[in-house]
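Peer 1: Provided below are the primary sequence and the corresponding predicted coordinates.
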Amino acid sequence: MDVDSHSSAQDFTDNQRASDTTSAGVVAVSQAMIRQSDLDLNQRSIAGVLTYALGWLLVVLTTQISLYQPVFVYSVGVLLFVVGFLRLYLVKNFDTLYHQNPHTWRSMFALGMILSALFWSLFTAWGLLQLGLNEQGMIVLLPLLLICAGGIFSLAPKKLFLKIFINTLLWPQIIVLVYMATGSAYVIALMLFLFSLFMMVFSKNVHQNYMQLLHKNDLLEQNADSLLRAKEAAEAASQAKSSFLAVMSHELRTPMNSILGATELLDLSSINSEQKKYVTLIHRSGTALLSLLNDLLDFSKIEAGKMELEQSAFQLRDMTGHLYHLLNIRASEKGLTLTVTVQDGVAKYLIGDEIRLQQILLNLLGNAIKFSAEGEVSLVVSVVGKAQRLRFEVRDQGIGIAQDKQAQLFQSFQQVESSTTRKYGGTGLGLAISKQLVDLMQGEMGVQSEEGQGACFWFEIPYKVATEISQHQAGRNTDSFEKPILATHKLLLAEDIRANQIIAVGLLKKLGLTDVTVVDNGNKAVQALEKEDYDLVLMDLQMPECGGLEACRRIRGKTIDKNGWQVSVRNPQIPVIALSANALPADIEECLEAGMNGHIGKPFNKQELGNELKKWLKVG
């Protein structure tokens, strides 16, 4: 019997059970599981209730779509807002409505979901017909993909809802693109079709994992004698969760590249203050989502034992000074005083992983500011233990932490209490990742706090002073990136997604590089390099016909084509930089093994792109 059978509550009584076939075998679905899945569905939908209306508002503000049929455009906006508020009413009154009639609540929820998806899908399809496959058309299409990806999480409890949701969103666009009957439209239509297939398969796996976890929780409540077996299953589920987080992080980084890149490319001087506010909101929200994605990726790396720390020279005072400037504005907005003190006994140059150390401090200081309403937040760095350990202390005068809650602080996905999550936000990952990073550094972390009396988070790591050679090298590497890139360079960009092409070319133009040739697969990249001279190649990894890794092997002369001839480009040693949402160390290593010179993870900004290009191009 399929899992979708539990979508009708009247088919069950308190003593009845249905069965669900998953990859782990037959899972019994109880009445308690049905109610819990509906409760999860309600809670997960809160974030996306008004997403459609806000997406409509942003599309109207950033494109010229309202010039075509203003009555239709604004009517759609009104409908989206109305449906959004009706769905919000269902969410807020879940307990009352569900207690009266679960089936009625579920039907009303499904109706609201279908109407929201249908209105947005038809609006997007109509917008594509009006705007065409230009930059504005891509802006209209991008929110659709984000909404579709977000639905995987929010609708995981109901597989039937997921199927209806995905097909309602994507198929009108596919039909419209086929109707356009252009090469680009056919390519995008094919990509959307493949994307829909992937989403269907992936959503099924997510739903099955969700039902398995829900079932295991139900068994734990009913069978105290099965604790040992449930513990082993939870460990397996944790590994599945890590894999899920890594996959979701990868899949969301590509559209995030377009969102953050588009906001960076927008010329704020040419729009009014209201539009600037919304563009800033998009960028800040995108940056926050990227930070969460990075946390999820870091968590999955640590869980899989694949996190590797660098050992290089860096200037601690420069790094802490950067943190001060980064966080002082946020502290000042709350009326807090932020101080950073590095004691005189600490050496100027140290050896360690500067990026991961900065990540830990950024998390601790960010939490201190977030949980403080007044007073001072301070960072003190000192040497302890006969100059063998480096100690960092972050103190605040915030809400504090009760003694019996402190043991939960460094556990994954944990907050000291649910009210803290509602009031202050957060995923419960930051401290867990920080603690695990400190452990990887062979250090230790702890907290001293009383409820209402503030907190002091501290950690100690081995104290390693850099040599004179390391100091000189660190300074030289920093100085070499001060010079600008010469505008005469000729670049080749291999990227199949139109939105990413637009973003990459736009960022290159901001760097002064205007001579850019764009191709959409690896075969065309190799052919271009056979015909003309270029100074550098930016290569996406996942492209149709021929991916970036295979294309690079052909450029380097490591493979033989189908006719038995070794491909010979004009410059086999040309620098090739990977552009990819695959950010795991194994992915980067695979790029280097294929002959690539560097790797830029998506999403990237102008500074990251410029820094990488300056390593391989002549500068002024």
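Peer 2: Looks like it came in fine. If you're wondering where the values come from, they're calculated on a predicted model, not measured in any experiment.
Peer 1: residue ranges with poor pLDDT in the stretch 401-550 of the chain?
Peer 2: Residues of the stretch 401-550 of the chain meeting the criterion pLDDT under 70: 411-428, 468-484.
Peer 1: Next up, the contacts around Gly151.
Peer 2: 48, 162, 165-166, 169 (Cβ atoms under 8 Å, 6 or more residues apart in numbering). Using the backbone N, CA and C atoms, a C-beta is placed for each residue, glycine as well.
Peer 1: can you rerun that using 10 Å?
Peer 2: Residues near Gly151 by Cβ atoms under 10 Å, 6 or more residues apart in numbering: 44-45, 48, 51, 113, 117, 161-162, 165-166, 169, 199, 203.
Peer 1: And for Leu437?
Peer 2: 298, 302, 307, 309, 353, 356-357, 359-360, 363, 443, 445, 459, 461.
Peer 1: Tell me the backbone dihedrals of Arg556, please.
Peer 2: The phi/psi pair for Arg556 (degrees, to the nearest 10) reads phi -80, psi 0.
Peer 1: how deep is it tucked in, by neighbour count?
Peer 2: 17 (other Cβ atoms under 10 Å).
Peer 1: quick one on the thing from earlier: want to try a markdown table for the contacts of Leu437, with distance to Leu316, secondary structure and neighbour count as columns?
Peer 2: Output for these, formatted as a markdown table (distance: Cβ to Cβ, whole Å; DSSP: H, G, I helix; E, B strand; the rest coil; neighbours: other Cβ atoms under 10 Å):
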| residue | distance to Leu316 | secondary structure | neighbour count |
| --- | --- | --- | --- |
| Asp298 | 22 | helix | 23 |
| Ile302 | 24 | helix | 19 |
| Met307 | 22 | coil | 18 |
| Leu309 | 16 | coil | 13 |
| Asp353 | 12 | coil | 19 |
| Arg356 | 14 | helix | 20 |
| Leu357 | 8 | helix | 23 |
| Gln359 | 15 | helix | 18 |
| Ile360 | 13 | helix | 25 |
| Asn363 | 17 | helix | 19 |
| Gly443 | 15 | coil | 18 |
| Met445 | 18 | strand | 22 |
| Phe459 | 14 | strand | 25 |
| Ile461 | 12 | strand | 22 |
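Peer 1: Can you give me the neighbour number for Ala236?
Peer 2: For Ala236, using other Cβ under 10 Å, the count is 12.
Peer 1: no wait, Lys435
Peer 2: By other Cβ under 10 Å, 21 other residues sit near Lys435.
Peer 1: Give me the secondary structure label for it.
Peer 2: helix (DSSP: H, G, I helix; E, B strand; the rest coil).
Peer 1: Surely it is in contact with Gly446?
Peer 2: Yes - using Cβ atoms under 10 Å, Lys435 makes contact with Gly446 at a distance of 9.4 Å.
Peer 1: right, and out of the contacts of Gly151, which lies closest to His489?
Peer 2: Ranked by distance to His489 (Cβ to Cβ), these are led by Met199 at 39.2 Å.
Peer 1: Assess the claim that that closest one and Ile166 are in contact.
Peer 2: Yes - look at Met199 against Ile166 with Cβ under 10 Å: they come within range, at 5.0 Å.
Peer 1: Dump the helix or strand harbouring Leu365 to CSV, restricted to CA.
Peer 2: Following DSSP states H and E, one finds Leu365 within helix 354-370. C-alpha atoms of helix 354-370 as CSV (Å, rounded to 0.1, in the frame of the first residue of the first chain):
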residue,chain,number,x,y,z
GLU,A,354,42.9,31.1,9.7
ILE,A,355,39.6,30.6,7.9
ARG,A,356,38.3,28.0,10.3
LEU,A,357,39.6,29.9,13.4
GLN,A,358,37.8,33.0,12.0
GLN,A,359,34.6,30.9,11.5
ILE,A,360,34.7,29.8,15.2
LEU,A,361,35.2,33.4,16.4
LEU,A,362,32.5,34.8,14.1
ASN,A,363,30.0,32.3,15.4
LEU,A,364,30.8,32.9,19.1
LEU,A,365,30.8,36.7,18.7
GLY,A,366,27.7,36.7,16.5
ASN,A,367,25.9,34.6,19.2
ALA,A,368,27.1,37.0,21.9
ILE,A,369,25.7,40.0,20.0
LYS,A,370,22.5,38.2,19.2
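Peer 1: Which SSE is immediately downstream of that helix?
Peer 2: Following helix 354-370 in sequence, per DSSP H and E, is strand 376-384.
Peer 1: Mind listing the strands that following strand pairs with, and their directions?
Peer 2: strand 337-342 (parallel), strand 389-396 (antiparallel) (DSSP bridges).
Peer 1: which of those sits most buried?
Peer 2: For the strands paired with strand 376-384, the largest average neighbour count (mean count of other Cβ atoms under 10 Å) is found in strand 389-396, namely a mean of 21.
Peer 1: As PDB, could you dump the C-alpha coordinates of that one?
Peer 2: The C-alpha coordinates for strand 389-396 follow below in PDB (Å, rounded to 0.1, in the frame of the first residue of the first chain):
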ATOM      1  CA  ARG A 389      48.100  27.000  24.500                       C
ATOM      2  CA  LEU A 390      46.300  29.900  22.900                       C
ATOM      3  CA  ARG A 391      43.100  30.800  24.800                       C
ATOM      4  CA  PHE A 392      40.100  32.700  23.300                       C
ATOM      5  CA  GLU A 393      37.400  34.100  25.600                       C
ATOM      6  CA  VAL A 394      34.100  35.600  24.300                       C
ATOM      7  CA  ARG A 395      32.100  37.300  27.100                       C
ATOM      8  CA  ASP A 396      28.700  39.000  27.000                       C
END
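Peer 1: From here on, call the first residue 40.
Peer 2: That works, and once the first residue is 40, the last one we named lands at strand 428-435.
Peer 1: Just want the angle from that strand to helix 393-409.
Peer 2: 30 degrees (axes from the mean of the first three to the mean of the last three Cα atoms, to 10 degrees).
Peer 1: how about the strands in the stretch 90-239 of the chain?
Peer 2: Ranges of strands in the stretch 90-239 of the chain, per DSSP state E, counting those that start in this stretch: none exist.
Peer 1: Low-confidence ranges, it, go.
Peer 2: For the stretch 90-239 of the chain, no stretch has pLDDT under 70.
Peer 1: same thing but 80
Peer 2: 90-92, 188-189, 191-192, 195 (pLDDT under 80).
Peer 1: same deal with the stretch 240-389 of the chain?
Peer 2: Ranges of the stretch 240-389 of the chain meeting pLDDT under 80: 246, 253-297, 299, 302-303, 305-310, 312, 315-316, 318-347, 365.
Peer 1: Touching both of Met238 and Ile205, which residues are there?
Peer 2: 187-188, 190-191.
Peer 1: ok, so of the residues you listed, who is nearest Met582?
Peer 2: Set against Met582, the nearest of the shared contacts of Met238 and Ile205 by Cβ to Cβ is Ala188 (20.4 Å).
Peer 1: OK, contacts around that closest one?
Peer 2: 205, 234, 238, 241, 287, 290-291, 293-294.
Peer 1: how about the helix or strand harbouring Ala567: buried residues?
Peer 2: In the assignment (DSSP H and E), Ala567 maps to helix 561-570. Using 16 or more other Cβ atoms under 10 Å as the burial criterion, the residues of helix 561-570 that qualify are 561-565, 567-568.
Peer 1: What pairs with whatever helix or strand comes next after it, parallel or antiparallel?
Peer 2: Remark: after helix 561-570, the chain's next helix or strand is strand 575-579, criterion DSSP H and E. Paired neighbours of strand 575-579 in the sheet (DSSP bridges): strand 529-533 (parallel), strand 615-619 (parallel).
Peer 1: So for Lys474 and Gly485, which residues contact both of them?
Peer 2: Common neighbours of Lys474 and Gly485 (Cβ under 10 Å, 6+ apart) are 448-449, 498.
Peer 1: TSV for those, including distance to Leu631?
Peer 2: Below are the shared contacts of Lys474 and Gly485 laid out as TSV (distance: Cβ to Cβ, whole Å):
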residue	distance to Leu631
Leu448	38
Phe449	34
Phe498	32
